[in-house]
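J.: quick check, what structure comes out for this input:
(one chain, ligands or ions: 2)
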Amino acid sequence: MPRATVDITPAGQRPDEDPSLAVRNNGGAEPSTEPAPAGRREALLVLSFGGPEGHDDVMPFLENVTRGRGIPRERLEEVAEHYHHFGGVSPINDQNKALIAAVEKELAAAGIDLPVYWGNRNWAPYVEDTWAQLAEDGIEHVYVFATSAYASFSGCRQYHEDIARARVSYGGGPTAEKLPHYFDTPGFVQANADALAAALASLPEDVRSTARLVATAHSIPDSMAAVAGPDGHAYEAELLAAAERVVAEAAPGRPFDLVWQSRSGPPSVPWLEPDVNDHLRALAAAGEHAVVLFPVGFISDHLEVIWDLDNEARETAEEVGLAFARAATAGTHPAFVESVRMLLQERRAGGLPRLGTNCPASCCFVPPRPARPASS
Ligand SMILES: CC1=C(CCC(=O)O)c2cc3nc(cc4[nH]c(cc5[nH]c(cc1n2)c(C)c5CCC(=O)O)c(CCC(=O)O)c4C)C(CCC(=O)O)=C3C
Ligand SMILES: [Fe+2]
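T.: Ligands and ions are numbered 1, 2, ... in the order given. I've put the predicted structure just below:
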């Protein structure tokens, strides 16, 4: 089922240029430093990407993802094949359910009585439907935990827009605030560091101490990277900071590289480089014997991890003779789950937003592509 679209920002206009848009964009409100008022009915909303649940869902899902974003048809067909390889089912939905179950348990254990809801941008349960449920359940305020740890249009602003679209489609509902970026929380770092250490330990003993550590994240267009975060380029900066902390924890003193995966878009548009596969070839050519990839850019082992790394990158490594291991993502690691609880608690207590890790409601803004006549 393709979802209905609601334009919340006129083409080319930043959401902060028109006060009425700012009101409608309350979901993306500036992070507050007020403590939660006593008696306010609150909830946590896990807001994610969504993924298909079977073969027939794949194309409508991809059309939702890429609507208006100028991704060539051939790329869609290629990506559809990746999903069909897994029965048309993305693992991301089960992973989100597992995260929600773990967070519910964590909150209950800490004596925090707060319901947890789930909504997606691109597939059921759509955030618009979840929003109606929140409103009907009498929830007055929602803390939004987006399943991306970083700044960028795709990982941050677009989630603000999802909230705004849901509010517009319902005609109101709870107020909301997006929890800060969490790439540098101790629990996220610990989860990734434990996974990196385990992946290193899985390599043959003779290459363990020399294996090259390679962090990966989703490539984005250069133009999107340039406007990520309040001063631009925050996506790359935050990824570098996260990878540095993970390596400092798991393999102190060892060098690492940060490279990019899963690029789409037409070849004429520049995206962040180098691509992970090109990088593996370059490492082999430079005489390296082994690599450990750690996809610090993602929080679960969804399709772009299990296909683009476990399949494509592993194959490239084999071709060029590199021993290969891939570290797990944070998933439901207890330290990560604890960090989610702490983010929430900090905010409810009125703690200062963590400096440098909050996007104002207007940042990461990428003007929509101008409408083009449909080509037949
Ligand atoms: C930064 C970033 C994240 C991390 C932040 C976050 O997690 O939000 C992310 C996550 C994800 N991306 C995902 C899937 C896809 N992304 C696509 C397309 C794109 N991603 C982009 C960026 C990112 N993407 C961009 C700039 C595009 C081009 C289109 C556009 O400008 O918007 C396409 C279209 C086909 C293609 O071209 O690949 C698909 C199918 C899935 C679900 C996987 C599953 O099903 O398990 C997840 C979690
Ligand atoms: Fe993506």
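
J.: so what's the residue in the stretch 201-350 of the chain positioned nearest to ligand 1 up against?
T.: Relative to ligand 1, the nearest point of the stretch 201-350 of the chain is S264 (2.5 Å; CB to the nearest ligand atom). In this view, the C-beta of every residue, glycine as well, is placed from N, C-alpha and C. Contact analysis of S264 by CB atoms under 8 Å, 6 or more residues apart in numbering lists I71, R75, V79.

J.: out of the residues you listed, list just those in helices.
T.: R75, V79 (DSSP state H).

J.: return the residues of this structure in contact with ligand 1.
T.: 49, 51, 62, 65-66, 69, 71, 75, 79, 90-92, 147-148, 152, 154-155, 218, 220, 262, 264-265, 302-304 (CB under 6 Å from any ligand atom).

J.: and the next element down the chain from the lowest-mean-pLDDT helix or strand in the chain?
T.: Sorting the helices and strands of the chain by mean pLDDT, DSSP states H and E puts helix 19-24 at the bottom, at a mean of 37. Per DSSP states H and E, the first helix or strand lying C-terminal to helix 19-24 is strand 42-48.

J.: can you list the strands that that next one pairs with?
T.: strand 116-120 (parallel), strand 141-146 (parallel) (DSSP bridges).

J.: residue contacts, Q190?
T.: For Q190, counting by CB under 8 Å, 6+ apart, the contacting residues are E249, H333, A335, F336.

J.: same thing with R75?
T.: So R75 contacts S264, G265 (CB under 8 Å, 6+ apart).

J.: try it again with 6 Å
T.: S264 (CB atoms under 6 Å, 6 or more residues apart in numbering).

J.: any idea how far it is from E81?
T.: 11 Å (CB to CB, to the nearest Å).

J.: what's the answer for V320, then?
T.: Distance from V320 to E81, by CB to CB: 24 Å.

J.: these two: who's more crowded?
T.: V320 (16 against 11; other CB atoms under 10 Å).

J.: state the pLDDT value of that one.
T.: pLDDT recorded at V320 is 98.

J.: per-residue pLDDT, the nearest residue to it once chain neighbours are set aside?
T.: Sequence neighbours aside, A284 is the residue nearest to V320 in space, at 3.6 Å (criterion: CB to CB, 6 or more residues apart in numbering). Note for A284: predicted pLDDT of 98.
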